[in-house]
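Trainee: okay, sequence plus prediction incoming.
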Amino acid sequence: MKRCAKSQPEPECLAHFRTTNDAGTWEQLRAREPECYTRIRNIARSNQGGLCAYCELNLDLDNEQVAHFHPKSDTTPHHNWALTWTNLWLACKGGSQTWMTEPDRYRPPLPDNLSCDECKGDRVVDGLVLAPDELPAFPRLFRFEQHPDRLEICVDEQACHDAGVPVDKAQRTIDMDLIT
């Protein structure tokens, strides 16, 4: 996972849809405003350099989706998470699409090894794990250890201390398979 920053201001079409549809859903936006949905995806792709916000996999139209870090299913009268710009990230499909053109990008067996936004499902993980915009640009909080049979992602504890990021929060980000 690398730091991702959201461009500002949010897409005008998203702000307009949210303003005119207080209880609007993500599915309604996609159905009623397909140009806005495409614009959101394009801006997110540009913001993220064409990479998944979680695993940094190169995205393509066959393997990308708009992911909601805080579940869009969490509907409260005070906050519409489904239509909040800072909650929208472009992510790979985390191994949920076994028909993909490059199945070697995923760890078998599926669906046991889902990653990125797919493994999170509708769980609220705000504050428990790192969100893409919470990572510092430097130092890198994660390191890789090569083993004879696998590559392991590990927390760089010193880097976490230097950046003021709780080590346990960085470890939970790995444990939840958000970056594998």
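Mentor: That came through, no problem.
Trainee: all helices of this structure, in order?
Mentor: Assigned by DSSP state H, the helices in the chain fall at 12-20, 26-32, 34-47, 116-120, 157-163, 167-175.
Trainee: list the buried residues for the third one?
Mentor: Within helix 34-47, the residues that qualify as buried by neighbour count (16 or more other CB atoms under 10 Å) are C36, Y37, I40, R41, I43, A44, N47. For the C-beta atoms, the positions are set from N, CA and C on the backbone; glycine is no exception.
Trainee: same question, the second one
Mentor: Applying a neighbour-count criterion of 16+ other CB under 10 Å, the buried positions in helix 26-32 are W26, L29.
Trainee: and that helix, what does it pack against?
Mentor: Applying 3 or more CB pairs under 8 Å, 6 or more residues apart in numbering; DSSP states H and E, one finds that helix 26-32 makes contact with helix 12-20, helix 34-47.
Trainee: possible to save the helices of the chain as JSON lines with distance to F69 and mean pLDDT?
Mentor: As requested, the helices of the chain are exported to JSON lines (distance: least, CB to CB, whole Å; pLDDT from 0 to 100):
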{"stretch": "helix 12-20", "distance to F69": "16", "mean pLDDT": "97"}
{"stretch": "helix 26-32", "distance to F69": "13", "mean pLDDT": "97"}
{"stretch": "helix 34-47", "distance to F69": "12", "mean pLDDT": "97"}
{"stretch": "helix 116-120", "distance to F69": "8", "mean pLDDT": "77"}
{"stretch": "helix 157-163", "distance to F69": "20", "mean pLDDT": "97"}
{"stretch": "helix 167-175", "distance to F69": "12", "mean pLDDT": "94"}
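Trainee: and of the buried residues of helix 34-47, the nearest to D162?
Mentor: For those, the minimum distance to D162 (CB to CB) is 25.6 Å, reached by N47.
Trainee: for the protein, what helix or strand is lowest in average pLDDT?
Mentor: Sorting the helices and strands of the chain by mean pLDDT, DSSP states H and E puts helix 116-120 at the bottom, at a mean of 77.
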